[in-house]
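Asker: Below are the sequence and a predicted model for it; my questions follow.
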Amino acid sequence: MLSDCPARAGYAGILDNGSGRVLAFSDNALTFSDSQLRLRRHRGHEVRDTRVTARVSARYIALLLDYLESIGVDRTPLLRVSRIRSIDDPGALVSVDQVEVLLRAAIESSHRTDLGFELGRRLDPTSHDVLGFALLTSPTFGHLLRLATTYQRLIQTAFALSLHRHADRVELVYTPAVALAPLTMRALEEAIVVSNHVAYRLTLGDRLPAYDVWLSVERPPHARRYRELAPLHAHFGEALPGVRIALPASLLEVPLAMANPRAMRAAEGRCKAMLRHVHARRRWAGWCRMMLRESEDSRPTLQQLARIVNLSPRTLARYLEAEGTSFRNLSLEVRTVRATQMLEEGHLSVTQIAYCLGYGDVASFVRCYRRQTGRTPGLIARGAAATRWQSGAREAAARQ
């Protein structure tokens with residue numbers, strides 16, 4: 001079953017500022033997607049987008065290339081244009097930027113829009129190395145979901161996964177953890193939905209009941225293909241970026257045929273060691289700075305950002321401390337940069353900017369800004385106004 005759905009209820013606000021960026025804020029999480037290019041305009045100049053990128057395992061790209069070759073598309077030019085050097089190394093990773101370039105070239109060569117769907121069909125639990133073994137040997141379906149949520153970053157880092165238990169259902173929510181271009185967003189969302197369905201079919205068989213999934217991407221040209229995934233009901237155009245999967249809560253206690261507690265514990269032990277390595281090499285300060293910057297005026301908390309990546313606030317704070325900073329310092333840094341931009345643009349007064357950025361009063365804003373920059377907001381605003389006046393005068397003189 002297919003449908004286009006309205007905005008999801010229960011979220012405090014959703015903003016499309018006309019720049020291709022969609023921001024959503026709720027009491028549960030902060031998520032966003034950003035279709036801007038790596039180079040963007042800022043006050044008339046090209047500036048480099050310093051967003052944090054994410055990576056996916058080259059194993060998954062190899063599966064997609066195998067499919068493309070099966071329909072007559074040569075992988076060599078695709079790898080060359082996307083600058084992917086190796087897909088044979090089990091530990092090789094590919095950036096989402098490389099994925100975007102490869103997808104564009106693959107769609108142009110194959111004339112197919114369903115590459116994310118096809119990739120998902122080829123991703124079953126055995127595609128995920130030792131994590132796949134842990135999933136398959138789980139005692140119950142609920143345990144499988146908890147493992148998938150805990151070790152999601154071993155599969156890919158572009159989306160964070162959270163698990164929400166309700167009285168009658170359980171929801172898996174995939175939210176973008178980095179800025180993604182629209183083509184990559186669509187392919188990854190479709191791959192997530194289809195690969196999850198493959199895993200549910202493999203582990204539950206005929207016990208899988210009807211369930212619903214919501215994708216934020218618009219209804220694709222190949223939407224009819226989702227009928228192949230019955231009893232899945234697919235809904236497109238979800239307002240909040242990402243994927244939401246709702247399953248009956250009764251499935252949580254369903255035992256799995258390949259359950260092997262001893263083998264599962266051994267596999268999970270290896271997953272824990274791998275996850276520690278993934279967390280250790282990530283630049284958490286850069287990621288937090290990006291999330292704070294891209295959220296504009298929503299002001300996410302440490303707790304909300306930690307929840308997105310399935311960490312405790314204390315653990316995330318410890319990672320930031322190891323990098324020589326803190327969440328408070330990053331928040332002040334981002335707010336100061338944002339304040340300077342707003343002061344230089346001249347659209348709002350100092351008072352309006354103070355309240356827009358979440359300060360309780362103007363005096364607090366002025367003290368904080370002066371402590372961070374050594375100058376007052378009024379000085380910056382007056383200097384920017386004078387510069388704009390001089391620029392306008394020169395342009396007027398040039399026209400005469």
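Answerer: It's in. All values derive from a computational prediction rather than experimental measurement.

Asker: isn't Ala317 right next to Thr301, touching?
Answerer: No: here Ala317 lies out of contact with Thr301, judged by CB atoms under 8 Å, at a distance of 11.6 Å. Placement of C-beta: from N, CA and C, glycine included.

Asker: okay, these two: which has more neighbours?
Answerer: Set side by side, Ala317 and Thr301 give different neighbour counts by other CB atoms under 10 Å, the larger being at Ala317 (17 against 12).

Asker: pLDDT on the helix or strand where Gly286 lies, on average?
Answerer: Here Gly286, judged by DSSP states H and E, is contained in helix 284-294. For helix 284-294, mean pLDDT is 79.

Asker: Give me the buried positions along it.
Answerer: Trp284, Ala285, Trp287, Cys288, Arg289, Met290, Met291, Leu292, Arg293, Glu294 (16 or more other CB atoms under 10 Å).

Asker: name the helices or strands packed onto it?
Answerer: strand 30-34, helix 302-308, helix 313-322, helix 327-345 (3 or more CB pairs under 8 Å, 6 or more residues apart in numbering; DSSP states H and E).

Asker: Please identify the buried residues of the helix or strand containing His277?
Answerer: Element membership of His277 [criterion: DSSP H and E] is helix 261-281. Neighbour-count burial for helix 261-281 flags Met264, Ala267, Glu268, Cys271, Met274, Leu275 (criterion: 16+ other CB under 10 Å).

Asker: can you check stretch 123-135 too?
Answerer: Here stretch 123-135 shows Leu123, Asp124, Pro125, Ser127, His128, Asp129, Val130, Leu131, Gly132, Phe133, Ala134, Leu135 as buried, counting by 16+ other CB under 10 Å.

Asker: Of the residues you listed, which is the nearest to Glu238?
Answerer: Top of the list for closeness to Glu238, among those and by CB to CB, is Leu123 at 21.6 Å.

Asker: The closest one in helix, strand or coil?
Answerer: Secondary structure, DSSP: H, G, I helix; E, B strand; the rest coil: Leu123 is coil.

Asker: Now do the phi/psi pair for it.
Answerer: Note on Leu123: its backbone torsions stand at phi -100, psi 100 [degrees, to the nearest 10].

Asker: does it really touch Ser195, like I thought?
Answerer: Yes: assessed by CB under 8 Å, Leu123 is found in contact with Ser195 at 3.7 Å.

Asker: Per the annotation, how does the chain divide into domains?
Answerer: Split into domains by automatic domain parsing, the chain comes to 2-50+114-271, 52-112, 281-384.

Asker: where among these is the average confidence lowest?
Answerer: Lowest mean pLDDT within the domains of the chain: domain 2-50+114-271, at a mean of 79.

Asker: That domain: how far from the chain's middle?
Answerer: 10 Å (CA atoms, centre = their mean, to the nearest Å).

Asker: Now do the strands in the protein.
Answerer: 2-4, 13-16, 21-25, 30-34, 39-42, 45-48, 55-57, 93-95, 159-165, 169-176, 211-215, 232-236, 243-248 (DSSP state E).

Asker: ok, the residue nearest to Leu188 when sequence neighbours are not counted - contacts?
Answerer: Leaving aside its chain neighbours, Leu188 sits nearest to Ala158 (5.9 Å; criterion: CB to CB, 6 or more residues apart in numbering). Residues in contact with Ala158, defined by CB atoms under 8 Å, 6 or more residues apart in numbering, are Ala54, Arg55, Val56, Val96, Pro176, Ala177, Val178, Leu180, Thr184, Leu188.

Asker: got it, and Tyr211?
Answerer: Neighbours of Tyr211 in contact, by CB under 8 Å, 6+ apart: Pro231, Leu232, His233, Ile245, Ala246, Leu247, Pro248.

Asker: Distance to Arg399 for the domains of the chain - can I get that in CSV?
Answerer: Converted to CSV, the domains of the chain look like this (distance: least, CB to CB, whole Å):
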stretch, distance to Arg399
domain 2-50+114-271, 19
domain 52-112, 43
domain 281-384, 22
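
Asker: Can you tell me which of the ones you listed is nearest to Ala398?
Answerer: Here domain 2-50+114-271 is closest among the domains of the chain (CB to CB), at 16.6 Å.
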